[in-house]
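In: Requesting a structural model of the entry that follows:
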Amino acid sequence: MLRQYELVERVKSYDPDADEALINRAYVFSMQAHGSQKRASGDPYFSHPIEVAGILTDLHLDDETIATAILHDTIEDTLATPEQIEKTFGPNVARLVDGVTKLSKIEAQTENERAAENLRKFLLAMSGDIRVLLVKLADRLHNMRTLHHIPSPDKRRRIARETLDIYAPLAERIGMYEFMKEMQELAFRELEPDAYASIVKRLEHLHQGGGNLISRIGSGVRMLLGRNGIQAEVTGREKHPFSIWRKMAERHISFEQLSDVMAFRVIVPDIEQCYRALGVIHQKWPMVPGRFKDYISTPKRNGYRSLHTSVIHSEKMRIEIQIRSKNMHAQAEYGLAAHWAYKQADIAKPDAQISWIRDLIEILEHAGSAEELLEHTR
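Out: Numbering: from 1, shown residues only. Predicted coordinates:
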């Protein structure tokens with residue numbers, strides 16, 4: 001668990017003007033409020049909100065969001081009141097904590113009890129300030145990392161299913177692909193343990209068979225681009241087990257028939273270099289028809305930009321290559337959160353959000369019934 005000074009140092013490293021006293025007050029308040037409460041793992045309960053805050057420092061989020069993360073369970077799980085939070089930490093943090101608490105209450109209900117009115121309240125809170133959702137996503141990610149400590153298999157499966165159905169897609173919708181992938185992975189391992197183990201075993205076998213195949217191909221791509229005057233950072237990996245499993249299910253094929261198990265990322269300085277790199281790669285290796293996507297000229301709805309192509313490499317295998325600039329890469333890793341340099345004044349204003357949140361508001365206003373609202377929102 002992060003110590004108090006370590007958490008403050010993390011925030012100050014990217015935001016020298018952060019309100020150190022606010023974070024210190026939140027740390028002490030949460031520690032005292034949670035007292036001797038324990039998690040299923042046996043760890044002090046207090047360790048959970050601190051780890052959630054730590055996850056959000058990786059996104060370089062502002063001091064109010066970090067304080068909210070530290071305090072996010074105090075109203076629901078301790079004797080602390082909303083009035084206390086507002087008096088001690090100000091109206092902004094109190095509003096954010098209230099938004100996260102509302103979502104946690106909805107989450108705790110059974111499927112049948114999740115009234116559309118509760119969902120409506122949450123979506124309105126979220127659209128007012130999407131930091132509510134960022135704290136909730138980090139909360140869910142940490143809960144998934146510690147899911148194996150929960151003794152009840154039914155409860156583990158319910159949490160994993162909800163993560164796969166709701167939270168991973170929400171993370172994807174705001175472009176937070178690293179959150180999405182880890183949530184999918186952890187949920188998949190819980191929900192389909194045999195399939196997960198089988199794919200991991202096959203990936204290990206493939207890795208042993210190919211030796212240093214990924215680094216060999218990655219070095220080849222980097223050298224090819226270098227010879228053509230393009231300075232690029234090239235990284236490669238095997239695709240994630242959940243991604244492989246989903247492709248096998250969608251295409252009704254076996255693992256052996258799945259050809260593009262390896263993916264490479266090419267990061268170059270700017271947009272012009274992206275298209276130059278694409279041209280060099282396509283001149284060297286044949287492109288797989290139907291597998292090219294230009295998300296630079298036509299970005300995804302969540303703002304994601306990159307060039308995607310699959311080629312038939314000289315190792316006689318299909319590989320996927322994503323080409324993007326450094327700025328696009330930051331956006332691809334952390335999505336909407338990447339827009340939020342710590343000094344951005346418009347952080348809570350609706351025009352700093354992205355269009356799908358406005359669409360949600362439209363759904364709220366025009367849904368004819370509770371069932372219609374739930375269906376559209378899903």
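
In: C-alpha from now on. contacts and neighbour counts both.
Out: Will do.

In: which outside residues touch the longest strand belonging to the chain?
Out: Longest strand of the chain, by residue count under DSSP state E: strand 317-325. Applying C-alpha atoms under 8 Å, 6 or more residues apart in numbering, the external contacts of strand 317-325 come out as 259-271, 274, 277-278, 288, 305-313.

In: again, only this time at 7 Å
Out: 259-260, 262-271, 274, 306-313 (C-alpha atoms under 7 Å, 6 or more residues apart in numbering).

In: Drop anything exposed from the residues you listed.
Out: 260, 262-268, 271, 274, 306-313 (16 or more other C-alpha atoms under 10 Å).

In: Which ones among those residues lie within strands?
Out: Per DSSP E, those map to strands at 262-268, 307-313.

In: picking that back up, quick one: distance of the longest strand of the chain to the chain centre.
Out: 21 Å (C-alpha atoms, centre = their mean, to the nearest Å).

In: Repeat that for stretch 301-308.
Out: With C-alpha atoms, centre = their mean as the basis, stretch 301-308 stands 15 Å off its chain's centre.

In: How about stretch 131-143?
Out: Centre-to-centre, stretch 131-143 and its host chain are 9 Å apart (C-alpha atoms, centre = their mean).

In: swap in stretch 299-316?
Out: 20 Å.

In: dump the residue contacts of the spatially most central residue of the chain.
Out: Against the mean C-alpha coordinate of the chain, by C-alpha atoms, centre = their mean, the closest residue is Phe179 at 2.1 Å. By C-alpha under 7 Å, 6+ apart, Phe179 lies in contact with Ala171.

In: Quick check: which element contains Glu190?
Out: helix 177-191 (DSSP states H and E).

In: Show me what counts as buried in that helix.
Out: 177, 179-191.

In: again, but for stretch 274-282
Out: Result for stretch 274-282 [16+ other C-alpha under 10 Å]: buried residues Cys274, Tyr275, Ala277, Leu278, Val280, Ile281.

In: any residues touching that stretch, and which ones?
Out: Here stretch 274-282 makes contact (C-alpha under 7 Å, 6+ apart) with Leu225, Val268, Ile323, Arg324, Ser325.

In: For beta bridges, what are the partners of the fourth one?
Out: Each beta-bridge partner of Arg324 is listed here, defined by DSSP bridges: Ile267.

In: roughly how far apart are Thr101 and Asp73?
Out: Thr101 is 7 Å from Asp73, where distance means C-alpha to C-alpha, to the nearest Å.

In: rewinding a little: could you dump the helix holding Glu190 to PDB, C-alpha only?
Out: Below are the C-alpha coordinates for helix 177-191, written out as PDB (Å, rounded to 0.1, in the frame of the first residue of the first chain):
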ATOM      1  CA  TYR A 177      -7.900   0.600 -23.400                       C
ATOM      2  CA  GLU A 178      -5.400  -0.400 -20.700                       C
ATOM      3  CA  PHE A 179      -8.200  -0.400 -18.100                       C
ATOM      4  CA  MET A 180     -10.500  -2.200 -20.500                       C
ATOM      5  CA  LYS A 181      -8.000  -5.000 -21.400                       C
ATOM      6  CA  GLU A 182      -7.100  -5.700 -17.700                       C
ATOM      7  CA  MET A 183     -10.700  -5.800 -16.700                       C
ATOM      8  CA  GLN A 184     -11.600  -8.200 -19.500                       C
ATOM      9  CA  GLU A 185      -8.600 -10.400 -18.700                       C
ATOM     10  CA  LEU A 186      -9.400 -10.700 -15.000                       C
ATOM     11  CA  ALA A 187     -13.200 -11.300 -15.700                       C
ATOM     12  CA  PHE A 188     -12.400 -13.900 -18.400                       C
ATOM     13  CA  ARG A 189     -10.100 -15.800 -16.000                       C
ATOM     14  CA  GLU A 190     -12.900 -15.900 -13.400                       C
ATOM     15  CA  LEU A 191     -15.800 -16.700 -15.800                       C
END
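
In: Quick one: distance of that helix to the chain centre.
Out: Here helix 177-191 is found 10 Å from its chain centre; the criterion is C-alpha atoms, centre = their mean.

In: which outside residues touch whatever helix or strand comes next after it?
Out: Going down the chain from helix 177-191, the next helix or strand is helix 193-210, by DSSP H and E. Around helix 193-210, the neighbours that count as contacts under C-alpha under 7 Å, 6+ apart are Phe188, Arg189, Pro241.

In: Return the item of those having minimum pLDDT.
Out: For the contacts of helix 193-210, the weakest pLDDT value sits at Pro241, with 92.

In: Spatially nearest residue to it (excluding sequence neighbours)?
Out: Leaving out its chain neighbours, the residue that sits closest to Pro241 by C-alpha to C-alpha, 6 or more residues apart in numbering is Ile199, at 6.0 Å.

In: got it, and Ala80?
Out: Thr74 (5.9 Å).

In: residues near the one you found, how many?
Out: 24 (other C-alpha atoms under 10 Å).

In: how close does it get to Cys274?
Out: Distance of Thr74 to Cys274, given as C-alpha to C-alpha: 47 Å.

In: Could you do Ser243 as well?
Out: As judged by C-alpha to C-alpha, Ser243 and Cys274 stand 25 Å apart.

In: follow-up on the earlier one: using PDB, list the CA coordinates for the helix or strand following the longest strand of the chain.
Out: On the C-terminal side of strand 317-325, the closest following helix or strand by DSSP H and E is helix 326-334. Taking Å, rounded to 0.1, in the frame of the first residue of the first chain, the C-alpha atoms of helix 326-334 are listed here in PDB:
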ATOM      1  CA  LYS A 326       3.300   9.800 -29.400                       C
ATOM      2  CA  ASN A 327       0.300  12.000 -28.700                       C
ATOM      3  CA  MET A 328      -2.100   9.400 -30.200                       C
ATOM      4  CA  HIS A 329      -0.400   6.800 -28.000                       C
ATOM      5  CA  ALA A 330      -1.100   8.700 -24.800                       C
ATOM      6  CA  GLN A 331      -4.700   9.000 -25.900                       C
ATOM      7  CA  ALA A 332      -4.900   5.300 -26.800                       C
ATOM      8  CA  GLU A 333      -3.500   4.300 -23.400                       C
ATOM      9  CA  TYR A 334      -5.600   6.600 -21.200                       C
END
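
In: This completes my enquiry, with thanks.
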